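A.B. asks: Dropping a prediction and its sequence here:
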Amino acid sequence: MPELKEALRIRYPPFEAHRWHPENLPIASVETRIGEYNNVDEALEALNAFGPSFMLGDTNGWCAQRTYVFDGVEVPHAQHEPHLETKQYALPAKRQRRGWYLVPNPIHSLVRRFINAAVIVLLAALAYLFVSPLLIWLGVPTYGLATVRWGLLDYPALAVYVIPLVFAPLALRIMANLAELRRQNIFLQRTIDPPTFSFLKPTVADQPLEVDIAFPSWEPDWGDVDVMWRVGLLPPSRETLLSSLNRPASRQPPPGLSTELPHHWEAGLDDGTAGGEDAPMERRELTGGFYLRPMRIMSASPFVSWNRGSATTLPAIEQRWPGSVTGDLIRVHWECVVRIQRQQGGALLWVQPLRVAHGMEPVEHRQFELHDGRSELESW
């Protein structure tokens, strides 16, 4: 009898996706056998127990797709009512996307842009020094070529101005990291009870979210509280990704993947798409870290003010997404984020993972909103 299979395809953006050309990276694909059926009608009836098909992105760019294939032919599968997939949360969601989080100091983002500008100035100064003999020979006025003696050596006067400009952001970065460590120490000394969430109706991907949030304790320095929810793609499992691409874990990884990194918290958290500093310097006392890493592909609702004693209604996310998908290759993750403004120390975040049912409308969109992998570049 003909076979019915689930087909998954994904090309997930690595760290700093804007520096990559997706068409040069491989697409990982996995087919899973569901069963054998006499005809298409029987196959479609069996699919009622599975989540719907969806197509996010495009195969020429970043993409995440789930389709069903019967007897070698793709069969469309939609839902007639909201469907909730009941698998457990993916490991990164359980370990790194639940609990209290600090917001990085804005100086990190400013210093990073400052470093980029300083490097441009340095390269321009070196190019100017390189062509300065030609400029002198042509009679073009030059500046900054006089020498300044430091110790036993002479340096171009231009270096006196450019070199401090290069090292200043590095010094600021060190100071900012030391300040972050101090904030983390203060946070660890406080025991803050987590908020409780009560959902007034089933959570469905294409419908508003109605939630009642209560705080068992209220800190004296807390101010306004805002709530939003968002959805995005979590990185696929490194092991599954390598297996789908027929790459042994002990060999050189394919383009877009880094070599295996040391596990800070637990084996299985290295997604293989790292390659840069994704958060300020942090201590390792907290299981998921002190800073919330952004999902590199995600959509979010606007923030809504929270009022004590009344339910909060969050509007449906404008771009259509499937509900929760928690496989090893494709992981569609939903979460509710509570932002608490504080008088000192910056905003405080609580992140609550959500199990969200698939909507009844088909999900197919080509455009993704890409986000940098650094937590300091998220605007809170």
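C.D. replies: Noted; the coordinates are in hand.
A.B. asks: contacts, neighbours, all on C-alpha from now
C.D. replies: Noted.
A.B. asks: Quickly note the distance from the closest residue in space to Arg374 that isn't next to it in sequence to Gly51.
C.D. replies: Nearest residue to Arg374, sequence neighbours excluded (Cα to Cα, 6 or more residues apart in numbering): Asp278, at 4.2 Å. According to Cα to Cα, to the nearest Å, Asp278 and Gly51 sit 33 Å apart.
A.B. asks: Comparing those two, which residue is more hemmed in?
C.D. replies: Each of Asp278 and Gly51 has its neighbours counted (other Cα atoms under 10 Å); Gly51 has more, 23 against 19.
A.B. asks: The more buried one is in what secondary structure piece?
C.D. replies: Gly51 is part of no helix or strand, with elements assigned from DSSP states H and E.
A.B. asks: With the one 5 residues further on instead?
C.D. replies: According to DSSP H and E, Leu56 maps onto strand 54-57.
A.B. asks: show me where pLDDT drops low in the stretch 201-350 of the chain?
C.D. replies: Scanning the stretch 201-350 of the chain for pLDDT under 70 picks out 261-276.
A.B. asks: quick one: buried residues of the host helix or strand of Leu134?
C.D. replies: Using DSSP H and E, Leu134 sits within helix 106-137. Buried residues in helix 106-137, defined by neighbour count with 16 or more other Cα atoms under 10 Å: 108-109, 111-112, 114-115, 118, 121-122, 128-129, 132.
A.B. asks: got it, and stretch 57-75?
C.D. replies: Neighbour counts using 16+ other Cα under 10 Å place 57-59, 61-70 of stretch 57-75 among the buried residues.
A.B. asks: Looking at the residues you listed, which one is closest to Gly256?
C.D. replies: Trp62 (12.0 Å; Cα to Cα).
A.B. asks: Report the beta-bridge partners for the closest residue to the closest one other than its chain neighbours.
C.D. replies: Residue nearest to Trp62 in three dimensions, not counting chain neighbours: Arg11, with 5.1 Å by Cα to Cα, 6+ apart. Beta bridges link Arg11 to Cys63, judged by DSSP bridges.
A.B. asks: from memory Arg11 sits against His21, does it?
C.D. replies: No - Arg11 lies out of contact with His21 (Cα atoms under 8 Å); the separation is 11.3 Å.
A.B. asks: pLDDT of whatever helix or strand Leu172 lives in, averaged?
C.D. replies: According to DSSP H and E, Leu172 maps onto helix 157-188. Mean per-residue pLDDT for helix 157-188: 87.
A.B. asks: cool, and stretch 114-125?
C.D. replies: On average, stretch 114-125 scores 86.
A.B. asks: Packing partners of the helix holding Leu134?
C.D. replies: Counting contacts by 3 or more Cα pairs under 8 Å, 6 or more residues apart in numbering; DSSP states H and E, helix 106-137 packs against helix 157-188.
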